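A.B. asks: how would this look folded up:
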Amino acid sequence: PESTGPASGDSTLSPADPTAGGSGAAVAPAETTGAGRSPDLNTATTQAAPASAPPAAATADQRPAISAPVPALPTPAAVPPTYRVQVGAFRRQINVDEVVLRLRADGYRPVVRRAGDLQIVSVGSFTSRAAAQRLAAELRAKRYDALVVP
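C.D. replies: You can find the predicted model right below:
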């Protein structure tokens, strides 16, 4: 009788016949050691790797450079509070413009911030509440409504 498969005892297989239900890829038989066991997969993989120079042992020149530690960001408790002197909170732009022009004419640098539908006009930024209070007193003497706010 004729055999359609490889003869027993062959050490390799020919490419699989795609019509035979295989994947179409050639499959080599599993190697065995003298004791009839399959070799360790890690050993087989290492032996199948292309021949190249073995990796050299890491030297001091190849180690990554260690940089100085990055300083920690200040914690919220370490950041000093800031104070501003609020001169007004307005809904109408004409009122904002009037106070800003007047402050600039008196030599101050006003800042306008939006809070909802209000525009807050303030002057200065201080880490000391006492310094902000001195500016507020100076502005009140010039007929501004001044309030120290954090």
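A.B. asks: In the protein, mark out all the strands, start to finish.
C.D. replies: 83-90, 110-115, 118-126, 147-149 (DSSP state E).
A.B. asks: Relative to Leu139, how far out is Ile94?
C.D. replies: Ile94 sits at a distance of 21 Å from Leu139 (criterion: CB to CB, to the nearest Å). Backbone N, C-alpha and C define where each C-beta goes, glycine included.
A.B. asks: To Gln133, which of the strands of the chain lies closest?
C.D. replies: Comparison of the strands of the chain against Gln133 by CB to CB identifies strand 147-149 as nearest, at 5.5 Å.
A.B. asks: What is the closest one packed up against?
C.D. replies: Under the contact definition 3 or more CB pairs under 8 Å, 6 or more residues apart in numbering; DSSP states H and E, strand 147-149 sits against strand 83-90, helix 129-141.
A.B. asks: where does the protein have low pLDDT?
C.D. replies: 1-68, 70, 72-77 (pLDDT under 70).
A.B. asks: related to what we said a few turns ago, what's the closest of the strands of the chain to Leu101?
C.D. replies: Using CB to CB, the strands of the chain put strand 110-115 closest to Leu101, at 9.2 Å.
A.B. asks: Tell me which residues of the closest one come out buried.
C.D. replies: Pro110 (16 or more other CB atoms under 10 Å).
A.B. asks: Same question for stretch 88-99.
C.D. replies: Gly88, Ala89, Phe90, Val96, Val99.
A.B. asks: Need the max-distance pair from those residues.
C.D. replies: Ala89 and Val99 (10.3 Å).
A.B. asks: so what's in contact with these two at the same time?
C.D. replies: When CB atoms under 8 Å, 6 or more residues apart in numbering defines a contact, the residues bordering Ala89 and Val99 alike are Val121.
A.B. asks: that older thread, tabulate the strands of the chain (a markdown table), appending distance to Pro71.
C.D. replies: Formatted as a markdown table, the strands of the chain follow (distance: least, CB to CB, whole Å):
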| stretch | distance to Pro71 |
| --- | --- |
| strand 83-90 | 27 |
| strand 110-115 | 30 |
| strand 118-126 | 24 |
| strand 147-149 | 31 |
